[in-house]
Each structure stands twice: as C-alpha cells, then as structure tokens.
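Undergrad: coords please:
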Amino acid sequence: MLERGKMDRDLVEFVVIDQLVPKEHLLRKIDAAVDFTRLYEMVEPLYCEDMAVDPALLEGVSITFRQILLPIQAVLFLILLIAVSVWDISKRTIPDGLQVGIAALSLLQFQPQHLLGILTAFPYLAAALCCRNGKGIGGGDVKLAGALGSVLGLSGGLFASVIGLAGFVIYGMGLQMYQRYRKNEKQAPLPVGPFLAAGAAVIYFMNIGGMNL
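TA: Now for the predicted structure:
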C-alpha cells in the first residue's frame, strides 16, 4: 500500500548559480573576454549607488540596442546620401526633407557631443554669404553640412568637409582644364552636395570600422 509522502516545507536547498550555466554558453565566453571592472568605472557617475539593477547590465542592454540600430542607421544614411547626390546633380537643389531625414538618423545612435557637429555648417554659411553669384555654395549645402555634422559629430563633420571639398576642388580644376582644351567657355555650376555626401560616407564607415575621427 502506498504511503502518503511527507511534505518537507522547511527543506533548505543551496544552488550555485555558476553551475546552472553550461560550460560552452555564450555568456561564459563574454565574461572571459570582457573586463567588466572597467565598465563599472565608466558607468559609475551615471547611476546612483542604491540601484536595484546592476549598472553593468543596463549598460550591456544599451550597447546591444545600439548594435542592433547601427546597421539600420548605416543603410538609411547611405540611401539618403545617394538621394542627395542624385537630386543635387539633376536639379541643383537639395530638398529639406532629405536633410531632415539625415539629421533624424542621429537619434538612432544619439550622443550629446554630436550636437556640436551642427557647427560644421558655419564655414559653408560664411562662404555662401561671401559668394552670392549662384554658382557656389548655396543654402542647401549649408543645411546639408549641419545635418551631416549631427550624425558624424564636430570632428567627423570637419574631416568629411575636408575630404568632400578636396574632391570638389580637384574635380572643378579638372573640368575647367577640359573645357579650356575643348574651348568651351560655358561653365555650368558645380554641385557641392555629392562631394559632401562622399566625404561623409568615408568618415562614417571609417568610424564604424573603429577609426574614430
């Protein structure tokens, strides 16, 4: 005859959490590769001392979330740069919607210091005010520089401008020499947007590759 088992409600059981994780689990590999003591030092000023949640866990979630959004931002950024280039070449203007879209992409990888990148528009603004002949830098280029700076940051925006304007000057000089050779005195205005877009693409993907500028 079966006997009714006795319920041991006062039974105490010890569990070692480390034994619950398999030896080949991804978390063990991450723990072996990452020095979390440095991470605690980095996030210490950002969190209060009596938090119920581990700051390293929150920062890990934040890093993972950024890694998920980074490819999305990269694809959209490249598409908008191509659209800006095509539009500027064909119509000699850059729609505000494209510039707003580029600036909005900065929210996917938001960093407060990148707001200073808007200052990269001021050199273009000065050049546009000094050269009002309709053949140089226009208002669309000024706004584009500011939008790109919001994504790349101040230093990245400046480096992108240097690369873009260098390409613009080299192309302009080559085109001028070609027109003189063909004895063509007509000079069409050169779009600056495609060169700024190319410089921004170079700096953006250099930053993704680890060469932070």
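Undergrad: for the rest of this, base every contact and every neighbour count on C-alpha atoms.
TA: OK.
Undergrad: output the below-cut-off pLDDT ranges for the protein.
TA: Along the chain, the model assigns pLDDT under 70 to residues 1-9, 36, 39-40, 42-62, 127-138, 184-189, 212-213.
Undergrad: change it to 80
TA: Low-confidence segments of the chain (pLDDT under 80): 1-15, 17, 26-27, 30-67, 123-139, 176, 178-190, 209-213.
Undergrad: where along the protein do the helices fall?
TA: 17-20, 26-33, 36-43, 55-91, 96-104, 121-130, 139-181, 193-208 (DSSP state H).
Undergrad: tabulate the CA atom coordinates of the shortest one in PDB.
TA: Right, helix 17-20. The C-alpha coordinates for helix 17-20 follow below in PDB (Å, rounded to 0.1, in the frame of the first residue of the first chain):
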ATOM      1  CA  ILE A  17      24.300  29.900 -10.000                       C
ATOM      2  CA  ASP A  18      27.500  29.300 -11.800                       C
ATOM      3  CA  GLN A  19      26.700  25.600 -12.200                       C
ATOM      4  CA  LEU A  20      23.400  26.500 -13.900                       C
END
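Undergrad: and the most centrally placed residue in the chain, what does it touch?
TA: Residue closest to the mean C-alpha point of the chain, counted by Cα atoms, centre = their mean, is V151 at 5.0 Å. For V151, the contacting residues are 102-103, 105-106, 114, 117, by Cα atoms under 8 Å, 6 or more residues apart in numbering.
Undergrad: before we move on, back to that, of all the helices of the chain, which one is nearest F110?
TA: Among those, the nearest to F110 by Cα to Cα is helix 139-181 (8.3 Å).
Undergrad: before we move on, the earlier item: the residue nearest to the centre of the chain and S85, how far apart?
TA: 17 Å (Cα to Cα, to the nearest Å).
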